[in-house]
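In: no letters, just coordinates:
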């Protein structure tokens, strides 16, 4: 139930980037990030941008084999995670020098640092912002054939995509966007986090597996203006028996995309959520999210 200001996020991002520099992270170096939707995902994202490093977002539920494949391809020496990978296999991820674990492992030693131990390494220093054409993220996508491919996206590419969405959807200043989608995917990252920042807005994120009641409670409490969704999530919301008990008076926009959607959903969004500004889109990781959106 916490709220974070831009100033708080920036201050924490500076601490994280300084700590990583003190541990040997260099400009252009890759850092794997296997986190769920939580404030640390946001602060780490901008810490790596300030450090001129590359974020490699990984599904937090990826198998060790999948994780090792990505680490080997990117040459990442740092992993910021929620789970101690050595608990599953002592010889796991041999190329990693540092594993920063947010939940526990204080005093574990070896490659491991707890989040608190990691932040204690931060010296007082100001980090410069990177060049816009440098690589910001390498996001893995399986595509339709073969092994997952790492898609290299620059800061400029990501911001242009987010800006285009703001223009097409007519984002008002301060838009509050509920993002139940994983931030390690380009959809929630660009259409949610980055687009919100361009209009001085905010994103609403909830921890853990999607739960309709928790989502509706949060949207009502925080006055959500917009929902980013995929059809499976939207159908759960629309079919929730107690939906009518939530006024959601601030909600005026819905973006539903990423897979085939039954026709009844579009009418139900307008009737059950009382929203008129509804869009869908088509895109892929390789083009930083949407390459096509319908008119609102």
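Out: Good, I have the coordinates. Keep in mind it's a predicted model, so treat the numbers as computed, not measured.
In: measure the residue lying closest to residue 293 once chain neighbours are set aside to residue 171 for me?
Out: Among residues not flanking residue 293 along the chain, residue 281 sits closest, at 4.0 Å (Cβ to Cβ, 6 or more residues apart in numbering). All C-beta atoms are positioned from the backbone trio N, CA, C, and that covers glycine. Residue 281 sits 15 Å away from residue 171 when distances are taken as Cβ to Cβ, to the nearest Å.
In: in stretch 157-173, what's buried?
Out: Neighbour counts over stretch 157-173 (16 or more other Cβ atoms under 10 Å) mark 157, 158, 159, 161, 162, 163, 164, 165, 166, 168, 169, 171 as buried.
In: now, which of the residues you listed sits nearest residue 240?
Out: Closest approach between these and residue 240, by Cβ to Cβ: residue 169, at 25.0 Å.
In: list the contacts of that closest one.
Out: 253, 255, 277, 279, 293, 296 (Cβ atoms under 8 Å, 6 or more residues apart in numbering).
In: can I get those residues in CSV with neighbour count, pLDDT and secondary structure?
Out: Below are the contacts of residue 169 laid out as CSV (neighbours: other Cβ atoms under 10 Å; pLDDT from 0 to 100; DSSP: H, G, I helix; E, B strand; the rest coil):
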residue, neighbour count, pLDDT, secondary structure
253, 22, 98, strand
255, 28, 97, strand
277, 17, 95, strand
279, 17, 96, strand
293, 19, 95, strand
296, 14, 88, coil
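In: in CSV, list these along with distance to residue 122.
Out: Shown next, in CSV, are the contacts of residue 169 (distance: Cβ to Cβ, whole Å):
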residue, distance to residue 122
253, 38
255, 37
277, 42
279, 41
293, 40
296, 43
